[in-house]
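okay, here's the prediction I keep looking at, along with the sequence it came from:
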Amino acid sequence: MSYSVKVTTVGSSAGIVLPKELLTKLNIQKGDTLHVTETPTGLQLSPYDEQFAKTMEAAQDIMRRYRDTLRKLAQ
């Protein structure tokens, strides 16, 4: 299923309005925080998970610190 949304002005920023059916499907409501992930085919929108965000932050830190080592392991 796909949805079309319109970008609109929200104060001095821009935002999108999500259809009620999509809010229900994602189990989100007004005031919730969403996580946006860039994928090869576009953007993925999912409910924000604080534990997942902390895990990803730790993983990104490790990848930054051990960039050269991980690159060699990938060869």
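In hand now; what should we look at?

for this structure, which helix is longest?
In terms of residue count, the longest helix belonging to the chain (DSSP state H) is helix 50-65.

and the end-to-end length of stretch 30-47?
Between the start and the finish of stretch 30-47 there is a gap of 12 Å, counting by Cα to Cα, to the nearest Å.

who are the packing partners of the longest helix of the chain?
Applying 3 or more Cβ pairs under 8 Å, 6 or more residues apart in numbering; DSSP states H and E, one finds that helix 50-65 contacts no other helix or strand. (C-beta placed from N, C-alpha, C; glycine too.)

let's see it at 10 Å
When contacts are defined as 3 or more Cβ pairs under 10 Å, 6 or more residues apart in numbering; DSSP states H and E, helix 50-65 sits against strand 34-39, helix 67-74.

center of the chain - which residue?
Closest to where the C-alpha atoms of the chain average out (Cα atoms, centre = their mean) is V36, at 1.6 Å.

and that one, what pLDDT?
The confidence metric pLDDT takes the value 87 at V36.

doesn't A53 make contact with it?
No. With contact taken as Cβ atoms under 10 Å, V36 and A53 are classed as non-touching, separated by 11.6 Å.

poorly predicted segments of the protein, please.
For the chain, no stretch has pLDDT under 70.

contact partners for Q29?
For Q29, the contact set (Cβ atoms under 10 Å, 6 or more residues apart in numbering) comprises L23.

look at it and give its secondary structure.
For Q29, the secondary-structure state derived from DSSP: H, G, I helix; E, B strand; the rest coil is coil.

quick one: it from D61, how far?
Going from Q29 to D61 by Cβ to Cβ, to the nearest Å gives 32 Å.

go on, T8?
Using Cβ to Cβ, one obtains 36 Å as the distance from T8 to D61.

go on, L22?
Taking Cβ to Cβ, one finds L22 at 33 Å from D61.
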